[in-house]
Structures are given as structure tokens and as C-alpha cells.
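> missing the sequence, but the structure's below:
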Ligand SMILES: *Cc1c(COP(=O)(O)O)cnc(C)c1O
């Protein structure tokens, strides 16, 4: 029964394919807290190499990689500059305050994207009244911004501001591969621009668990103790890392298919009388606003009854996400469900 459900809530809902499970079964493992797991090491090195960064740290979740990075970059009485709807602020349980004792400077972005001028204006002067600005954190693709991609030129301008003020620059790259595939930008350009990058393997790449934090050798060395205190030191984690390696090898280019299907969903929605607005579809997220006469709860209940799941994303806002487990046949089914509601 559950297999007949078309689950568009998130790209985290994918289940490993038989080929991925086979790669996991074959993994050579050791105790990763003793740094003796060859598959974890291979995943950390492979991910770092792709971005031209020195080292990686395998963690259970993207929340953990982001929060470890923030903890390692900041200190209490300091402040993190980020976009006001960024995942690190909105959806990580207030972890910046809890783990790092740091404040946040929240900037309004254009679909999640900040400009260098905005960032520079938010840097605190040195003054006894103010927290010190200790980190600038960006998100690409931007989740709440509807899977929007940053322009490389703007990222470079922000990096220039960060360097001039000697402030580290972190990227929440939970969906960075979606951005790379959609824009044709190179991973190594991101390694030049950002000091640290968090990459999720359990979103569009389809691994069951895991994220990798990337940075310099010295930075990653420092983060190992923070991961341990958060309870993220895993033992024979190579079985999970093997899924990540498999995902990097096989599931990056196919993100194009998710993007094509998301665009299709976007245009179907655009044509429905009960839809007020669809955010531009750049990658695999489709965020849209319902008209006032179609309450979100009613819309979601109708979809559920038709075997389609979606997420509520704020008042009258809905999010559809395409992923590895959504194919063209399912898309046709969703299309007919959406059209039927209008008739
Ligand atoms: C999903 C996500 C994360 C990490 O989420 P986990 O569920 O903790 O792996 C971080 N940032 C963004 C933008 C995300 O969408």
C-alpha cells in the first residue's frame, strides 16, 4: 500500500535501490572513531576532492554538519550572518543559540539569495555593545527560496567581502549538486569561494543517511571533537558511507531528470485556477501559493485521499519535491489529480 503513494513531501524520502544496498553490503569497514574505517575515509576524501577542499567529516545529518561548522567557526558573544529563511536558522531547532551561544543577523534575501552589499552592511563594527561577526553562512540551492541557485559572480563578491573582513564563509550545500547540475557551475569553484561546505547525501542523491562537512585539514581536525560531543562519532559507519560513494558515482547527473519533472509540475500548477502563484522552478523544488478559496488543509487532504503527499510550507504555501523515487508515470498520475481538482 505504501508503495502506491506518490510522496512529493521531500527528497529525503527515497529508499536505497538494490544496487546501492549491494554496494553497502560489500563495504569494507572498521571503527571510524579510531579513524580505521576505509570506506568512510574514501567517502570523505572523494567528496573533498570534488570540491578541491582538503578534508571531509562524515556525519549522520546535514543539521549536524551545519551545526558543527557553526560551532567550530564561532564563539559565544559572536554573530552569524545568514538569510532570514535559511535552514540553519529556521529548521535546526535554534541550534546556533544552543550549541554555539551565538546570535544571528537575519537578512531578507531575494528567494533566499543575499548580495555582497547586504552582507557587508550587516558586519558589526568592533564595539563593546555588539556581538562580533564571526561567520557568514549561505545556502545553495536555497530551500525556502524554492530551490533557487546563486549566481557565481555574487558568491565571489560575498567571498571578497568575507576575506577583506577576515570572516569565514560557510555554505549549507544540502542540495549543492542540484545547483551544479542546473547551472553548469563547477564544484571546485565552490571550494575556492567557501571555507567550509556541508553536502547532503540523503537528499536528491538518494543515500539513506549522511552528510559530509568539507574544509581544510586543520578545520576538519578541530571538528572531530565537536562531532564526538554531539554524539555523532559512529563506529562501522562504512556501510553508510558506501551508500554515499555509490550516490556520488551514480546519482548526480540524473538530478537533471528531477529538475525536468519539477518544471513540468510547475507548468501544470501554473495552469490551475486554484493556484495563485508558483515560484520560478530552477531545480527539484516547486513552491506555490493557493488562492484564498482553496484552503491548504483542504488541498493536502484531497491529495492524500488520491495517494499524493506534499508539504505545507507556510500559510497557503505548498511544496512539491521531485526525487529518485518519482518517475514519469507517477508524474502523469499527479497531473491528472491536479486537473481533476479544478473540474
Ligand atoms: C535537509 C536540509 C539540511 C539538513 O537536514 P538533515 O535532515 O539534518 O540532514 C540542511 N540544509 C538544508 C537547506 C536542507 O534542506
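Structure's in. What do you need? Here the structure is a predicted model, which means the values were calculated and not measured.

> and the protein, which of its residues are near the ligand?
61-63, 66, 87, 139, 143, 172, 174, 200, 202-203, 211 (Cβ under 6 Å from any ligand atom). (Glycine included, C-beta is placed from N, CA and C.)

> strands of the stretch 1-150 of the chain, start to end?
Remark: strands assigned in the stretch 1-150 of the chain by DSSP state E, counting those that start in this stretch are 6-7, 55-59, 78-83, 103-107, 132-139.

> and those as TSV, adding mean neighbour count and mean pLDDT?
Below are these laid out as TSV (neighbours: other Cβ atoms under 10 Å; pLDDT from 0 to 100):
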stretch	mean neighbour count	mean pLDDT
strand 6-7	19	98
strand 55-59	25	98
strand 78-83	24	98
strand 103-107	18	98
strand 132-139	25	98
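
> turn these into JSON lines, including distance to residue 279.
Formatted as JSON lines, these follow (distance: least, Cβ to Cβ, whole Å):
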{"stretch": "strand 6-7", "distance to residue 279": "21"}
{"stretch": "strand 55-59", "distance to residue 279": "30"}
{"stretch": "strand 78-83", "distance to residue 279": "15"}
{"stretch": "strand 103-107", "distance to residue 279": "19"}
{"stretch": "strand 132-139", "distance to residue 279": "15"}
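
> tell me, how many neighbours does the single nearest residue of the stretch 151-300 of the chain relative to the ligand end up with?
Closest to the ligand within the stretch 151-300 of the chain is residue 174: 3.4 Å, counting by Cβ to the nearest ligand atom. A total of 28 residues lie near residue 174 under the criterion other Cβ atoms under 10 Å.

> same deal with residue 261?
23.

> distance of it relative to residue 250?
Using Cβ to Cβ, to the nearest Å, one obtains 18 Å as the distance from residue 261 to residue 250.

> in the stretch 1-150 of the chain, what residue lies closest to the ligand?
Counting by Cβ to the nearest ligand atom, the stretch 1-150 of the chain gets nearest the ligand through residue 62, at 2.5 Å.

> list the residues that contact that residue.
Residues in contact with residue 62 (Cβ atoms under 8 Å, 6 or more residues apart in numbering) are 87, 172, 174, 198, 200, 202-203, 211.

> so which of those wins on neighbours?
When neighbours are taken as other Cβ under 10 Å, the top entry among those is residue 198 (32 neighbours).

> ok, what's across the strand from that residue?
Beta-bridge pairing for residue 198 (DSSP bridges): residue 172, residue 213.

> pretty sure it is touching residue 172, no?
Yes. Judged on Cβ atoms under 8 Å, residue 198 makes contact with residue 172 at a distance of 5.5 Å.

> can you list residues touching both of the two?
Common neighbours of residue 198 and residue 172, counting by Cβ under 8 Å, 6+ apart, are 62, 66.

> tell me, what residue is most central in the protein?
Centroid check for the chain by Cα atoms, centre = their mean gives residue 174 as the closest residue, at 2.2 Å.

> ignoring the adjacent residues along the chain, who's closest to that one?
Among residues not flanking residue 174 along the chain, residue 200 sits closest, at 4.2 Å (Cβ to Cβ, 6 or more residues apart in numbering).

> next, that neighbour: phi, psi?
Note on residue 200: its backbone torsions stand at phi -90, psi 140 [degrees, to the nearest 10].

> three-state assignment of residue 258?
Counting by DSSP: H, G, I helix; E, B strand; the rest coil, the backbone at residue 258 sits in helix.

> next one: it from residue 204, what distance?
Counting by Cβ to Cβ, the gap from residue 258 to residue 204 is 6 Å.

> what touches both of the two?
By Cβ under 8 Å, 6+ apart, residue 258 and residue 204 have these common neighbours: 11, 178, 284, 323-324.

> ok, which pair from those is furthest apart?
The largest separation in these, counting by Cβ to Cβ, is between 178 and 324 at 12.3 Å.

> next, show the common contact partners of these two.
Common neighbours of residue 178 and residue 324, counting by Cβ under 8 Å, 6+ apart, are 204, 258.

> who's more crowded, those two?
Counting neighbours by other Cβ under 10 Å for residue 178 and for residue 324 shows that residue 178 has the greater number, 28 against 22.

> mind giving me the domain ranges of the chain?
6-13+254-342, 18-250 (automatic domain parsing).

> return the most buried member of these.
Across the domains of the chain, averaging neighbours per residue (mean count of other Cβ atoms under 10 Å) puts domain 18-250 on top, at a mean of 20.

> pull the distance from it to the chain's centre.
9 Å (Cα atoms, centre = their mean, to the nearest Å).

> quick one: end-to-end distance for it.
Domain 18-250 stretches 13 Å from its first residue to its last (Cα to Cα, to the nearest Å).
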